[in-house]
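Q: Generate a structure from the sequence data that follows.
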Amino acid sequence: MKARRFEWEGATATATAIRAWAADSAPAVEVAPIEREVVEGGDAAVLRLTARFDATASAPESLRVDPSRAEAALAELGPALREAFELAAANIRTVAAAQLAPEREVELPQGQRVKLREVAVGAAGIYAPGGRAAYPSSVLMCAIPAQVAGVERIALASPPGPDGNPQPLVLAAAALCGIGEIYAIGGAQAIFALAHGTESIDPVDVIAGPGNAWVREAKRAVSGLVGIDSLAGPSELMAIVGHDTDPEWAALDLCAQAEHGADGPLLVAGVEEHVLEAIAAATERAAATRPSVAEAPLALVAVPDLEAAADLANAFAPEHLQLFDEDASLLAGRIRTAGCVFAGRYGATAFGDYVAGSNHVLPTGGAGRFSGPLGPAAFRRRISTVEIPAAAAAALAPRVDALARAEGFPVHAESAMIRR
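A: Down below sits the predicted model:
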């Protein structure tokens, strides 16, 4: 773990300094050449890129995976793992369903009515990462909100393993969700293939799912061509700790996030210096004996008080925020930008990663300032239906006439006034 102490310089300045330090250790990413190759070369290019970047894989003969492989993978799950999959799926579905908004109708004083309703997009592409580990949980986190939203076509892309197919656990999660369209491709090329389409892949309307820096930058590049959930890149965790925080618990929570890789920053803020020192030491010990923990950057900040810690969290906008302090529930109310807040000493981020029901596809890199957790809304779009009776048209037309002529659009004015 690459630990560094930061002096308190105010919330914004301290958060900016930590982000800059963490970014220095991240690789520079350029995805435009990959996009050009996919757009120009289609299936052949995607297969070539898969062979180049997914080094552990046998290059698949076809991008499309036979759904029977997913059904077989689901049938092979042991009872305990199958039960965990089903519990996670049920909780994710319950929380997602609670987010659906009813149709609304507003009647305005002039007599016109505006009806607001939401409809699902036609097709969603979801991405489940590979590489260091299998991510069947990401399949559940992405597919279930899309299904709750009413999306008819869901296409899953996930990197191929040694046999040329996605990880068996990923396939099992796909079968549990009833996904029949699965592609053995990963990285930036998967995002570009879903967005632009190839000979084998029809383009989608929205792409969702976490990934590494390459996936994040590819999603940034296609945003506007398709919708994206958020810029969910390397995983990150901030913890606000208090005098009664157990250093060993905090250390394990930090190391758990470092299992995702070395690119995601970790941040601990607290008032008491001795608590920060104890957590730093415990984290170093825990990381040294756990081979799955990557050498992630760990920032430690002594803050003047808990209000300053909350201000730092709002400036840093962490993907995950754990509140260890005994006043966690009160402190949670001050947080405005974190992707997901875990309040209380028992609220480990690991619960949210799997079975709590909240979604683990969250904004990273400070994107929590303008986006939030993945949910059904990412797969739905709002439609307005406007009904203007004759009396309302008569009342509104003179206002349209005045505004349109002021903007230099006289025919707009005529269009309204003829209905008066």
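
Q: only C-alpha atoms for contact and neighbour calcs from this point on.
A: Will do.

Q: Just give the number of residues close to residue 384.
A: 12 (other CA atoms under 10 Å).

Q: all numbers from here: first residue = 808
A: With 808 as the first residue, the last one maps to residue 1191.

Q: and it, that's in a strand?
A: Yes: according to DSSP: H, G, I helix; E, B strand; the rest coil, residue 1191 belongs to a strand.

Q: In which helix or strand does residue 884 reside?
A: Here residue 884, judged by DSSP states H and E, is contained in no helix and no strand.

Q: Any idea how many residues pack against the closest residue to it other than its chain neighbours?
A: Excluding the flanking residues, the one nearest residue 884 by CA to CA, 6 or more residues apart in numbering is residue 979, at 7.8 Å. Using other CA under 10 Å, the number of residues around residue 979 comes to 25.

Q: how about residue 979, what does it touch?
A: 877-882, 884, 943 (CA atoms under 8 Å, 6 or more residues apart in numbering).

Q: who wins for most neighbours among these?
A: When neighbours are counted by other CA under 10 Å, residue 877 leads the contacts of residue 979 with 27 neighbours.

Q: doesn't residue 972 make contact with it?
A: No: applying CA atoms under 8 Å, one finds residue 877 not in contact with residue 972, separated by 9.9 Å.

Q: Looking at the contacts of residue 979, which is nearest residue 859?
A: residue 943 (23.8 Å; CA to CA).

Q: So the closest one is in contact with residue 982, correct?
A: No: contact criterion CA under 8 Å: residue 943 and residue 982 do not qualify, at 10.6 Å.

Q: picking that back up, could you single out the nearest of the contacts of residue 979 to residue 860?
A: residue 943 (20.9 Å).

Q: so what pLDDT did that closest one get?
A: pLDDT for residue 943: 96.

Q: For it, give me phi and psi.
A: Dihedral angles of residue 943 (phi, psi; degrees, to the nearest 10) stand at phi -60, psi -30.

Q: check contacts around it.
A: With CA under 8 Å, 6+ apart, residue 943 has these contacts: 935, 976-981.

Q: next helix or strand past the longest helix anywhere in the chain?
A: Assignment by DSSP state H gives helix 839-860 as the longest helix of the chain. Using DSSP H and E, the helix or strand that follows helix 839-860 towards the C-terminus is strand 871-872.

Q: helices or strands up against the helix or strand hosting residue 990?
A: Element membership for residue 990 (DSSP H and E) is strand 988-991. The contact analysis (3 or more CA pairs under 8 Å, 6 or more residues apart in numbering; DSSP states H and E) places strand 988-991 against strand 871-872, strand 960-965.

Q: Could you name the helices and strands sitting against the following helix or strand past it?
A: Next along the chain after strand 988-991, taking DSSP H and E as the criterion, comes helix 994-1003. Helix 994-1003 makes packing contacts with helix 839-860, strand 930-934, strand 1013-1015, helix 1020-1029 when contacts are defined by 3+ CA pairs under 8 Å, 6+ apart.

Q: Show me where the stretch 1008-1157 of the chain has its strands.
A: Using DSSP state E, counting those that start in this stretch, the strands found in the stretch 1008-1157 of the chain span residues 1013-1015, 1034-1035, 1044-1048, 1073-1077, 1104-1109, 1127-1130, 1147-1150.

Q: Can you tell me which of those strands is nearest to residue 896?
A: Of the strands of the stretch 1008-1157 of the chain, the one closest to residue 896 (CA to CA) turns out to be strand 1013-1015, at 17.1 Å.

Q: Tell me which residues of the closest one come out buried.
A: 1013-1015 (16 or more other CA atoms under 10 Å).

Q: which residues touch the lowest-mean-pLDDT helix or strand in the chain?
A: Counting by mean pLDDT, DSSP states H and E, the weakest-scoring helix or strand in the chain turns out to be helix 1135-1139, with a mean of 88. The contact list for helix 1135-1139 (CA under 8 Å, 6+ apart) reads 1113, 1117, 1130, 1148, 1150-1151.

Q: Out of those, which is nearest to residue 902?
A: The nearest one, if we look at these relative to residue 902 and count by CA to CA, is residue 1148, at 15.4 Å.

Q: Quick check: residue 1073 touching residue 1102?
A: No: shown here, residue 1073 and residue 1102 do not form a contact pair, counting by CA under 8 Å, at 10.7 Å.

Q: more neighbours, those two?
A: In terms of neighbours (other CA under 10 Å), residue 1073 is the more surrounded of residue 1073 and residue 1102; the figures are 26 against 18.

Q: roughly how far apart are that one and residue 1043?
A: Applying CA to CA, to the nearest Å, the value for residue 1073 to residue 1043 is 6 Å.
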